[in-house]
Structure formats: structure tokens, C-alpha cells
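In: Whatever this is, show me its structure:
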Amino acid sequence: LLEDPIPAVRAAAVISLGELNTSDSIETLKKMLRDGNPAVRAAAISAWLHRGTSYEDVAASVQELIQNPDPGIRATAARALGKSRDHDAIETLGLLLDDQVPRPRIAAARALGHIGGETVVPILKKTLHDGDEAVRATAGGALARVLSSNDKPLKKK
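Out: Next comes the predicted model:
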């Protein structure tokens, strides 16, 4: 399935592989970070981060995706970062909160809510003043999620 011509099939296979969390999947996930389809690369980033591995290992792929002209791809990258606990991922999501288009900002706010921890609280509070109502609502929900959950420790740089 990782070689299926349909990108959505490859992306689903990559996510499933990440869920298995086996040591022999690492090389395959690295290979999928170079897939020709950005959505498949985002799925590989998500799977990689779900394993608990370092943001540094996917940083180049993330940077490429967040600079894509398609806001859907930027939003997909933001969703993938919601699996991270790294400070650098939070910084990248903070950059996406300044995107010109609401869709990546919404995805970034939601991802920050999934990451949680005290570090994201001021970022989400600032986003409550966004010019877009949907972004503000998402930031509010993410903030409520963070404040009502048990904080998990964040990996420091």
C-alpha cells in the first residue's frame, strides 16, 4: 500500500505504520518523508512524531510543507505537528498562526491544543484576538482543552 498510485492510500498506510510503532518501520517512514505527494509527506511527519521521535528529524520536511503555496498543505502540516511535544514544533505552529489564510491558522491552533502544556497558553491567548471568527473559536476551544487537561511535560530545546 505504501507504493499505491493513490496518495490517500499511501498516506493511510503511513499513518497505520506509525501506529504500529515498530522499530523496523523507521527506514520506511524516512523514505515516505520524501514521497512526491505533500499529503503523504505530512502523514509521514505525523507518524514519525507519533512515535515520539525528534522534531529535528522531520524539520526540513515540515519547513518545505509550511512554505507550500497551497493553504491546505500548510494546514495538513500543522495537523501533523499536533503529534509533537518539541519546543521547535510549537514555534513552527506559532509561525502558522500568522498565515495569511485562516485554514492553516485554525489547524495550528487546534494542534497547539493537542500538544498542551503551559508553553502554548500565551500563544493561544494571543490568537483569541485573530481577525477571523473561526480562528478565534478554535483557539478558544484549544485553550479550554489545555487548561482543563493535566499538563504533560514538554521537551526542552
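
In: tally of neighbours for residue 20?
Out: 10 (other C-beta atoms under 10 Å). Where C-beta positions appear, they are placed from N, C-alpha and C, glycine not excepted.

In: Next up, phi/psi of it, please.
Out: phi -70, psi -30 (degrees, to the nearest 10).

In: What distance do you get for it to residue 50?
Out: 10 Å (C-beta to C-beta, to the nearest Å).

In: again, but for residue 12
Out: 14 Å.

In: Report the separation between the nearest residue to residue 82 once chain neighbours are set aside and residue 78.
Out: Distances taken as C-beta to C-beta, 6 or more residues apart in numbering place residue 111 nearest to residue 82, at 3.3 Å, with adjacent residues excluded. Going from residue 111 to residue 78 by C-beta to C-beta gives 5 Å.

In: what sits against the residue nearest to the spatial centre of the chain?
Out: Geometric centre of the chain, nearest residue: residue 81, 1.9 Å, by C-alpha atoms, centre = their mean. Counting by C-beta atoms under 8 Å, 6 or more residues apart in numbering, residue 81 touches 45, 49, 62, 89, 92-93, 108, 111, 115.

In: Also residue 77?
Out: Going by C-beta under 8 Å, 6+ apart, the list of residues near residue 77 reads 42, 45, 62, 65-66, 68, 96, 104.

In: same deal with residue 125?
Out: residue 143.

In: Could you report the neighbour count for residue 68?
Out: 16.

In: Surely it and residue 74 touch.
Out: Yes. The pair formed by residue 68 and residue 74 meets the contact definition of C-beta atoms under 8 Å, at 5.9 Å.

In: Run through the protein and note the low-pLDDT ranges.
Out: 150-157 (pLDDT under 70).

In: Figure out how far stretch 24-39 is from the centre of its chain.
Out: On the basis of C-alpha atoms, centre = their mean, to the nearest Å, the separation between the geometric centre of stretch 24-39 and that of its chain is 16 Å.
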